[in-house]
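[1] Sharing a model that was predicted from the sequence below.
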Amino acid sequence: MRRAVRSGGSAPADLIPRISDYIAAFNMLSVPAVAICAYLSAIRIGSYGVQESFYIVYLEKVGMSGTEIGLLAGTGHSLLGAVGALIVGMAPAMGSVRRQLWMFLVSLVVAIALLATPLMTTFWPLFAAILLRGLLLGFNQPLMISIMAGSTDPAARA
């Protein structure tokens, strides 16, 4: 059991990793919703990495200016990502963890499908796609955390 940390600092022992914490975290993967969220999180992060690796080069190849590339790459995710995170406040009203999991899966699939940017070569369709992707990624990340929290025993999360 972890000791309470006093405000203003922590005991040196709290800074040393404990193998029991890692074992407890891996044991949580035995909860199906947690395992699914962990797996889909890796796909989510991977899709973002692939997009960010090639997106700038693609935009340059289709003739976008530096300003347009900056707007698409820099603000697209940010503008509606925060809105998506705020929308997820509706998640508890969605009902069961199973329904939330389906919402997460659908939003993730649509966000990944928006990687089909080679089908778009002009600014406004690309901007709409990156805004929607940002909205969905902003929505599904806090939803994923909500799903994992709702599907585990509160005592196991301590």
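    Noted; the coordinates are in hand. Quantities reported herein were computed from a predicted structural model and do not represent experimental measurements.
[2] roughly how far is the host helix or strand of residue 125 from the heart of the chain?
    Residue 125 is part of helix 123-150, with elements assigned from DSSP states H and E. Helix 123-150 sits 7 Å away from the centroid of its parent chain (C-alpha atoms, centre = their mean, to the nearest Å).
[3] Helices along this structure, start to end?
    Using DSSP state H, the helices of the chain run over residues 19-28, 32-61, 66-70, 76-87, 97-113, 123-150.
[4] now the spatially most central residue of the chain: how far from residue 51?
    Among the residues of the chain, the one closest to the centroid is residue 141, at 3.4 Å (C-alpha atoms, centre = their mean). Remark: distance between residue 141 and residue 51 (C-beta to C-beta, to the nearest Å) = 15 Å. Using the backbone N, CA and C atoms, a C-beta is placed for each residue, glycine as well.
[5] Quick check: the gap between residue 42 and residue 49.
    10 Å.
[6] same deal with residue 150?
    28 Å.
[7] just to revisit the earlier point, tell me which of the helices of the chain is the most buried.
    helix 123-150 (a mean of 20; mean count of other C-beta atoms under 10 Å).
[8] Can you spell out which helices and strands pack onto that helix?
    If contacts are counted by 3 or more C-beta pairs under 8 Å, 6 or more residues apart in numbering; DSSP states H and E, helix 123-150 sits against helix 32-61, helix 76-87, helix 97-113.
[9] low pLDDT regions in the protein?
    Along the chain, the model assigns pLDDT under 70 to residues 1-10, 76-77, 90-95, 114-117, 156-158.
[10] Now for the residue nearest to residue 101 when sequence neighbours are not counted: which residues touch it?
    Closest residue in space to residue 101, ignoring its immediate chain neighbours: residue 147 at 5.5 Å, by C-beta to C-beta, 6 or more residues apart in numbering. Applying C-beta atoms under 8 Å, 6 or more residues apart in numbering, we find residue 147 in contact with 33, 37, 97, 100-101, 104.
[11] Dump those residues into TSV; add distance to residue 63 as well.
    Formatted as TSV, these follow (distance: C-beta to C-beta, whole Å):
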residue	distance to residue 63
33	45
37	40
97	46
100	42
101	41
104	36
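[12] Which of those residues sits closest to residue 136?
    Closest approach to residue 136 among these (C-beta to C-beta): residue 104, at 10.0 Å.
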